[in-house]
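Asker: Could you work out the structure for the sequence below:
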Amino acid sequence: LQILNLAYNHLRGLGAKRIGAGLFRNKKLEKLNLEWNGFGDEDVVSELSKALPPSNLTYLNLAHNRLRLKGASILALCLEVGTNIREL
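Answerer: Numbering: from 1, shown residues only. Prediction:
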């Protein structure tokens with residue numbers, strides 16, 4: 001699996017966290033679209049921040065979710081450490 005589109009699925013809470021956990025284990029995924037799910041900072045950002053550095057993701061779409069300054073800051077720090085992300 002190299003491309004996964006989970007847009008418009010209303011992933012929140014535990015479901016959103018499991019996406020991050022699954023990403024940590026999947027080293028082949030290159031594109032992940034999570035737009036329009038409505039998750040917030042606490043739902044997925046912490047899991048994504050753990051999974052991004054070792055992943056092969058080059059594209060990550062988080063548009064139209066409820067990410068705020070806290071979530072954006074966590075993601076920015078994660079991206080600064082070093083990832084393969086070329087399009088966010």
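Asker: which helices and strands does the least confident helix or strand in the chain by mean pLDDT pack with?
Answerer: When the helices and strands of the chain are compared on mean pLDDT, DSSP states H and E, helix 46-51 comes out lowest with a mean of 75. Packed against helix 46-51 by the contact rule (3 or more C-beta pairs under 8 Å, 6 or more residues apart in numbering; DSSP states H and E) you find helix 13-25, helix 69-81. In this view, the C-beta of every residue, glycine as well, is placed from N, C-alpha and C.
Asker: swap the cut-off to 6 Å and go again
Answerer: helix 13-25 (3 or more C-beta pairs under 6 Å, 6 or more residues apart in numbering; DSSP states H and E).
Asker: and the helix it packs on, what's its mean pLDDT?
Answerer: For helix 13-25, the mean per-residue pLDDT is 78.
Asker: Now that helix: buried residues?
Answerer: 16-17, 19-20, 23-24 (16 or more other C-beta atoms under 10 Å).
Asker: For these, name the two members farthest from one another.
Answerer: In the buried residues of helix 13-25, two members sit farther apart than any others by C-beta to C-beta. They are 16 and 24, at 13.8 Å.
Asker: mind listing what the residue nearest the centre of the chain touches?
Answerer: Per C-alpha atoms, centre = their mean, the C-alpha nearest to the average position across the chain is that of residue 48, at 4.6 Å. Neighbour list for residue 48: residue 20 [criterion: C-beta atoms under 6 Å, 6 or more residues apart in numbering].
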